[in-house]
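>>> Here's my sequence, what's the structure:
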Amino acid sequence: MPEKKKLTKSEPVDQLAKQIRQISEGLYYISETDAEIFPFTGTKTDAVTKENLLSQTGNKPDAPVEERDFTDFFTRLTKIQDWFGDEEKQTAAKYARLKELLERNLKELKVFKVGRIEIDIYVVGLDAQGNLAGIKTKAVET
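Presented below is the predicted three-dimensional model:
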């Protein structure tokens, strides 16, 4: 697969969402359930904060939110284990490509877990136009 270039300010925000869809096709976030990964495209904001995320996702301002480190979040998904077969190695490689795509195109990357038990996970940053963007998935944690 050819390397994707960094998006410029003149390219539409939809281009990043399209690249995320391509890379994350067939990827699932594994928790007590398996959830697809989708692009998340928000609107212009001044910073990547839980308040801005909650506002842009239609959540209540007092919704439970846990912030996680971007690198730590992806470490579990990209680390190759000794027991991995070909399929697990391919999945880890796809997660690594997704991480690189987000790092190349977004700044101030953060991970937010919103809710309890049935959790919405947002991995977001600011794009070149200052819009909140990234990926969204779900997890079940009991």
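>>> Packing partners of the top helix by length along the chain?
Assignment by DSSP state H gives helix 86-105 as the longest helix of the chain. In terms of contacts (3 or more C-beta pairs under 8 Å, 6 or more residues apart in numbering; DSSP states H and E), helix 86-105 is packed against helix 14-24, helix 70-78, strand 131-140. Every residue, glycine included, has its C-beta placed from N, CA and C.
>>> Looking at these, which is nearest to Arg116?
Smallest distance to Arg116 across the helices and strands packed on helix 86-105 (C-beta to C-beta): 10.5 Å, for strand 131-140.
>>> ok, back up a step: the helix or strand following the longest helix of the chain - which strands sit beside it in the sheet, and in what orientation?
Proceeding N to C from helix 86-105, the next assigned helix or strand is strand 107-114, under DSSP states H and E. Under the criterion DSSP bridges, strand 107-114 sits next to strand 65-68 (antiparallel), strand 118-126 (antiparallel) in its sheet.
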